[in-house]
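Asks: Structure of the sequence below:
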Amino acid sequence: MDPNAMAQNVVLSKTPVSRLSDFKVITKMGLSLSVVFSCISGYLLAAETINISRLVFLAIGGYCMVGASNIFNQIIERDLDALMERTKNRPIPKGRISVKNAFILATILTIIGLIILYAINPITAMFAAISIFIYTSVYTPLKQKTALSVLAGAIPGAIPFMLGWVACTGHFGLEACVLFMMQFFWQFPHFWSIAWLLDKDYKKAGFKMLPTGSKDRGTVVQIIGYICWTILICLAPLSDFTGGLKLSIYAAIPVIIVGLVFLYYGFKLFKNKSENAAKKLMAVSIIYLMSMQIVYVIDKFI
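Replies: Residues are numbered from 1 along each chain as shown. Below is the predicted model of the structure:
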C-alpha cells in the first residue's frame, strides 16, 4: 500500500502499550526530556527558593511544547521521512497514526503547553510559542533549501536553558541572554556531527545540513570554531559582566576539562573524517551540555 494513502487513514495502534510507544516516538521522548532537563537547569540557576509546583508546570509545559513541535515537523516531513532509513518506521509514514490524528494531538499539546506555561508567566509562554513557530515554519522548510537551516534551528534549540530562567524570574535579561548563547553556539557542533553521521540518509530527502555541503575539512573547521565559542561563553560567568549568573573558579575547572574533551573529539573528526568520529563527537556534545548544566547548578547551591 502507498505510504501516503496509509497516512491518510485513521490507523491507530491496537493496544495501550503500542499507542504509548508511538506517542514516545512521535514526540521524540528522548529529545523532549533533554529539553526539559535544560529548562529545569535554567530555573534552578535563577531560583532563590524552589517552587516545586512551578517546576512541575515548567517540566510538563516544556514537554508538551517540544512534543508538539516534533509532531508538526513529522507531519510536514512525512513523505521525506518515508525515504530515510532512520525515520521510515515512524508512526506517520507507517500509517500507525494518521495525519489528522497527529495534527489533533500536536494542537492539543500546544494548547495545554501554552496554558500551563502562561500560568507560570506570560513571557515564558511567549518564548515557547516563538520556539514552535521558528522550528516548524522556518527551520523545517529551510532544510531542503539551505544549510542556513541549522542557524534557524539553533534558535528554538537554544531557548530551553534560558526559558527556565525566565520561568523563574518573569523577565528576559542579561543572564537569560547568556544562557541562550551557551546553548545556541553548542547547537552547531551538535547538529553538524549528526548531519555528518546521517549525511547519506539526509541526502535521500534532499536535506542540506552540512555548512559546506560535504563531509570535508571546511565543515570540521567550523565545528571546531563553534566548540571554541561554546567553551568561551560557558566560562563568561567567571567575570563580573553576566549579572546574577555566576561561576566560581572551582566549578570552572570541570567545565574547562569537559570542554577540552569536547574540543579533542572535534579535532579527532578533523583528523579522521569518519562516521565513527562523528558519532563520538555527537555523544560527547550531549555529555558536555548536561555536564556543564549540572556543574552550574551544583555550584549555585554549594
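Asks: Spell out the residue ranges of the strands in the stretch 101-250 of the chain.
Replies: Applying DSSP state E, counting those that start in this stretch to the stretch 101-250 of the chain gives no strands.
Asks: what sits against residue 300?
Replies: 44, 45, 246 (C-beta atoms under 8 Å, 6 or more residues apart in numbering). Quick note: C-beta positions are derived from backbone N, CA and C, even for glycine.
Asks: My guess is residue 97 contacts residue 104. True?
Replies: No: with contact defined as C-beta atoms under 8 Å, residue 97 and residue 104 do not form a contacting pair (10.0 Å).
Asks: so where do the helices sit in this structure?
Replies: For the chain, applying DSSP state H gives helices covering 3-8, 16-26, 29-46, 52-76, 78-81, 99-120, 122-134, 140-142, 149-169, 174-197, 199-205, 217-235, 249-272, 275-301.
Asks: what is the mean pLDDT for the shortest one?
Replies: Taken as a whole, helix 140-142 carries a mean pLDDT of 95.
Asks: just how off-centre is that helix within its chain?
Replies: Distance of helix 140-142 from the chain centroid (C-alpha atoms, centre = their mean, to the nearest Å) equals 16 Å.
Asks: avg pLDDT for stretch 256-268?
Replies: Stretch 256-268 shows an average pLDDT of 98 in the prediction.
Asks: on that earlier part again, for the contacts of residue 300, which one is nearest residue 109?
Replies: residue 44 (24.7 Å; C-beta to C-beta).
Asks: Look at the closest one and say how many residues are nearby.
Replies: Residue 44: 19 surrounding residues under other C-beta atoms under 10 Å.
Asks: Leaving out chain neighbours, which residue sits closest to it?
Replies: Among residues not flanking residue 44 along the chain, residue 297 sits closest, at 4.9 Å (C-beta to C-beta, 6 or more residues apart in numbering).
Asks: quick one: contacts for that neighbour?
Replies: If you count contacts by C-beta under 8 Å, 6+ apart, then residue 297 has 41, 44, 45 around it.
Asks: ok so, going back, I'd like the helices of the chain as TSV, with distance to residue 242 appended.
Replies: Listed next are the helices of the chain as TSV, based on distance: least, C-beta to C-beta, whole Å:
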stretch	distance to residue 242
helix 3-8	48
helix 16-26	37
helix 29-46	11
helix 52-76	22
helix 78-81	41
helix 99-120	24
helix 122-134	20
helix 140-142	32
helix 149-169	12
helix 174-197	5
helix 199-205	37
helix 217-235	10
helix 249-272	13
helix 275-301	11
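Asks: so what's residue 142 up against?
Replies: Shown in contact with residue 142 (C-beta under 8 Å, 6+ apart): 148, 149, 152.
Asks: any idea how far it lies from residue 76?
Replies: According to C-beta to C-beta, to the nearest Å, residue 142 and residue 76 sit 12 Å apart.
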